[in-house]
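Colleague: Could you work out the structure for the sequence below:
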Amino acid sequence: MTDKKSSQQEESLVSFVPPKFSIGLLHPKYWGVWLGFGFIALLVNILPYQVQYWMGRSLGFLSMFVVKKRVKVAQRNLELCFPDISKTRRDYIVRENFKNTGFALFESAIAWFWPDWRLRKRVGFYHVDRLTKFEKEGRGTLICGVHALNLELTARCCALFSPGYGVYRPHNNPAYNFIQHWGRTRSGNIMVDRKDVKGMLKVLRKGKKLFYLPDHDYGPKNAVFVPFFAVPDACTTTGTSVLVDASKCAVLPVSCFRVGFRYDFRIEQDISEGFPRRDPEGAAIHMNKTVEKLILRGGDQWMWLHKRFKTMPDGQNKGIRYRD
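Modeller: Got it, this is the predicted structure:
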């Protein structure tokens, strides 16, 4: 009874309403979703990890011949970020990135469907005591990650030691959304809608942890244009500045990149002292420098196929950087 009451108190911090199972989710139009997730859940639990690795990366390599536009996006992103690397090196990174994208299908399923004991055997954990340090002091903690292809694993590893809140975007397919939410919360994490800034602030002010990703282009609203690698005017969210200024939370960068057949899960030291206060542009610059360091730990495992630089400073030429 106490655990249930505590859970209800936790959920009351945010306005997000978790998707509920209903008989309508068993409609034939959703059978493909249920069968697909059931099949991948079975595969990741019965196949050796190395076999999953080979299957996923082979699938990712074949996808390059199907989604050629995304291959061009990845190539263009690397050209913009690293103009000095050779074409040979760039092409190699793109190939590896797509192979890793295919394996990410299995990694997401591993995060959602593996038991804790099996995941712990595959991951090396570093400085995880930092996850709970500030919560014990009653201070909120912003856990800043990046859009690594194995992002779901990063969140699951955090929950192994100390569950928190994750920013959530509901999926359009109700069955997919139900399974996705179940997978992300089965270890104790709670979701908060990505538009619920008040809820995020409430979480941090109550001394809880919020998992946050500041590394993508979310559009010109609530954004500034600051350097990101070699791009001088990358559209960058000001959300980090808002959350840090309003809650005075700690900011812990986190990464979980694959090295061989194992993962390095690392919690960095608090970087909140370096944030310029009430200076969205300065805070975005500070955050981007940290994000760059995280990405370079596993450069071929970041989401290069996303249009990171689609928003232009003048607001008139959206996507011009990606035109043929």
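Colleague: Where does the prediction get shaky in the stretch 51-200 of the chain?
Modeller: For the stretch 51-200 of the chain, applying pLDDT under 70 flags no range at all.
Colleague: can you give me the helices in it?
Modeller: 68-81, 87-113, 116-122, 130-136, 151-161, 174-185, 197-205 (DSSP state H, counting those that start in this stretch).
Colleague: Need these in JSON lines (columns: distance to residue 312 and mean neighbour count).
Modeller: Yep, even glycine has a C-beta here, placed from its N, CA and C like the rest. Output for the helices of the stretch 51-200 of the chain, formatted as JSON lines (distance: least, CB to CB, whole Å; neighbours: other CB atoms under 10 Å):
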{"stretch": "helix 68-81", "distance to residue 312": "12", "mean neighbour count": "18"}
{"stretch": "helix 87-113", "distance to residue 312": "23", "mean neighbour count": "20"}
{"stretch": "helix 116-122", "distance to residue 312": "41", "mean neighbour count": "12"}
{"stretch": "helix 130-136", "distance to residue 312": "38", "mean neighbour count": "17"}
{"stretch": "helix 151-161", "distance to residue 312": "27", "mean neighbour count": "22"}
{"stretch": "helix 174-185", "distance to residue 312": "32", "mean neighbour count": "19"}
{"stretch": "helix 197-205", "distance to residue 312": "25", "mean neighbour count": "20"}
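Colleague: To residue 60, which of the ones you listed lies closest?
Modeller: Of all the helices of the stretch 51-200 of the chain, helix 87-113 sits nearest to residue 60, with 2.2 Å by CB to CB.
Colleague: could I get the helices of the stretch 51-200 of the chain as CSV with distance to residue 34?
Modeller: Output for the helices of the stretch 51-200 of the chain, formatted as CSV (distance: least, CB to CB, whole Å):
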stretch, distance to residue 34
helix 68-81, 27
helix 87-113, 14
helix 116-122, 23
helix 130-136, 34
helix 151-161, 19
helix 174-185, 6
helix 197-205, 30
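Colleague: Quick one: closest of those helices to residue 285.
Modeller: Per CB to CB, nearest to residue 285 of those: helix 68-81, 15.9 Å.
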